[in-house]
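Chemist: One predicted model, sequence on top.
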Amino acid sequence: MSVQLEATLAMKGFAKVIVVLSRDAVATADIGSITDELEDCFVVPDTNQQQGLADADFAFRVSASLSAHETKPAPRMRIYPNLGLALGVVDAKGASRIADSRVATDIVEVPIISLIRPVSVQPGRLTLRPSWGIRRLKVDQLWNAGLNGDGVVVGHLDTGIDGTHEALADAIDEFAEFDLFGDRVEGAIAWDSGNHGTHTAGTIVGRPTNSAFGVAPGAKVASGMVIEGGQVVDRILAGMEWIASKGVRVLSMSLGLRGFTPDFQVIVNALRNASILPVIAVGNEYANSSRSPGNYGNVLSVGAMDDDEFVADFSSSDIFNRTDDPLVPDIVAPGVGILSCIPGDRYRKMNGTSMATPHIAGLVALLLQAKSDASVDELELAIQKSCTRPDTMPHARANRGVPDAVEALFYLTGRRL
């Protein structure tokens, strides 16, 4: 049990936690038996305790859907078998019992995370030429070799996606909206509670209209609406569980908690254990800053560059006292003046590490088409080895530098174009 969790329990008497389940227990035991062992360790907060939980109303919660007004009682606990995690509220006695349980290996306090919003939004005009980000990463050369992401599904957890947009026609494998319990909203159509999700999805899989800005225009997204409206961790875990159940191999996320906190580490570990490569934005808070989990050693963290070969001034970068991957971000990608779609058949240019991250998720999709059995480590290493760092980019800001799609293909498959 972490010092932070112990302090919260001592101060408040309860805390919302994530429990890491034993991999052996998940593999050999049915969910019912795990529930039987753990359920009594969790509590349903009373009215006064509800007010003390930073991001929750545990007695009753309203659906994330703007059109839904139903309320329902909160569950005592949730289990995510594909991730090997459980979620709920505990008091000190329950936390101690979980720590001693044979089916649990760790218990951490839930972090409070938020969307990494664009630094700026400008009008966007379609052009016949592929976007500068496509050309800078040499993605168009992979297209010419027949690689467009066909047959690959990319996980996309964001504010949602406009399923009616002309650039996203036939680009959605499946859409899932999660309410404030983390329950899937039955029959939800693909929609976006803002603009962010449609823009990032367009960079991953946007179909050519009068322009080409989608890195993997033959791939599809499994898009989950998990941000905006509260209960972010409940919804993100539900979205990740859904993504993992679909066998998705890469997940694009532009969210995090400012600064470094180890509490999200158990979630990232669960993704890697499920053979999913987490591609995460490092943050938009300038140098000497970063966001968790984008600053973890076992994610592919992405910063932003402009088309003049400079790291964007807003792009976060940080260094940590660890031997494994001490400098973040791992790489940088186009993140300034990025044209993509927004709801209503419209287009905008945005700046942010949120715009750089889906470029890399799309590149992973192209590589997976070329080698469908590639491991998470192989995909990550191929992209990292392909990087070069221009003289205009300090090491402390860009780390390995900018990926080269052609070289990444070679490092993954041995194939030269």
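Modeler: Right, received. Where do you want to start? Residues are numbered from 1 along each chain as shown.
Chemist: Under the pLDDT cut-off, which ranges of this structure? List them.
Modeler: Counting by pLDDT under 70, the chain shows low-confidence ranges at 45-74, 229-230.
Chemist: residue closest to the middle of it?
Modeler: To find the centre residue of the chain, average its C-alpha atoms and take the closest one (CA atoms, centre = their mean): that gives residue 253, at 2.4 Å.
Chemist: For that residue, which residues are in contact?
Modeler: 157, 158, 278, 279, 280, 281, 357 (CB atoms under 8 Å, 6 or more residues apart in numbering). The C-beta positions use only the backbone N, C-alpha and C, and glycine is treated the same way.
Chemist: Now do the SS call for the fourth one.
Modeler: Spelled out, that is residue 279. For residue 279, the assignment made with DSSP: H, G, I helix; E, B strand; the rest coil gives strand.
Chemist: That one is in contact with residue 248, isn't it?
Modeler: No: because the distance of 11.9 Å does not satisfy CB atoms under 8 Å, residue 279 is recorded as not touching residue 248.
Chemist: of the two, who's got more company?
Modeler: Between residue 279 and residue 248, counted using other CB atoms under 10 Å, the more crowded position is residue 279 (33 against 22).
Chemist: what bridges to the more buried one?
Modeler: Legend: beta-bridge partners of residue 279 under DSSP bridges are residue 252, residue 300.
Chemist: wait, isn't residue 402 in contact with residue 388?
Modeler: Yes: when contacts are counted by CB under 8 Å, residue 402 is listed as touching residue 388 (6.4 Å).
Chemist: In terms of neighbours, single out the busier of those two.
Modeler: Here residue 402 and residue 388 are set side by side on neighbour count (other CB under 10 Å), and the busier one is residue 402, at 21 against 11.
Chemist: mind checking how far the more buried one is from residue 330?
Modeler: Separation of residue 402 from residue 330 (CB to CB, to the nearest Å) stands at 12 Å.
Chemist: so what's residue 15 up against?
Modeler: Under the criterion of CB under 8 Å, 6+ apart, the contact list for residue 15 reads 5, 8, 9, 89, 90, 95, 109, 110.
Chemist: buried sites along the helix or strand harbouring residue 87?
Modeler: Take DSSP states H and E as the rule and residue 87 turns out to sit in strand 85-90. Counting neighbours by 16 or more other CB atoms under 10 Å, one finds that the buried residues in strand 85-90 are 85, 86, 87, 88, 89, 90.
Chemist: Then stretch 339-352?
Modeler: In terms of neighbour count (16+ other CB under 10 Å), stretch 339-352 has its buried residues at 339, 340, 341, 342, 343, 347, 348, 349, 350, 351, 352.
Chemist: just stretch 237-249 next, same as before
Modeler: 237, 238, 239, 240, 241, 242, 243, 244, 248, 249.
Chemist: Report the inter-axis angle for the host helix or strand of the first one versus strand 277-281.
Modeler: Applying DSSP H and E as the criterion places residue 237 in helix 232-245. With axes from the mean of the first three to the mean of the last three CA atoms, to 10 degrees as the criterion, the two stretches helix 232-245 and strand 277-281 enclose an angle of 140 degrees.
Chemist: With only the CA atoms kept, save helix 232-245 in CSV.
Modeler: C-alpha atoms of helix 232-245 as CSV (Å, rounded to 0.1, in the frame of the first residue of the first chain):
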residue,chain,number,x,y,z
VAL,A,232,-12.9,10.0,-16.0
VAL,A,233,-11.0,7.0,-14.4
ASP,A,234,-14.2,4.9,-14.3
ARG,A,235,-14.8,5.6,-17.9
ILE,A,236,-11.2,5.2,-19.0
LEU,A,237,-10.9,1.8,-17.4
ALA,A,238,-14.1,0.7,-19.0
GLY,A,239,-12.9,2.0,-22.3
MET,A,240,-9.5,0.2,-21.9
GLU,A,241,-11.3,-3.0,-20.9
TRP,A,242,-13.4,-2.8,-24.0
ILE,A,243,-10.4,-2.0,-26.2
ALA,A,244,-8.5,-5.0,-24.8
SER,A,245,-11.5,-7.3,-25.3
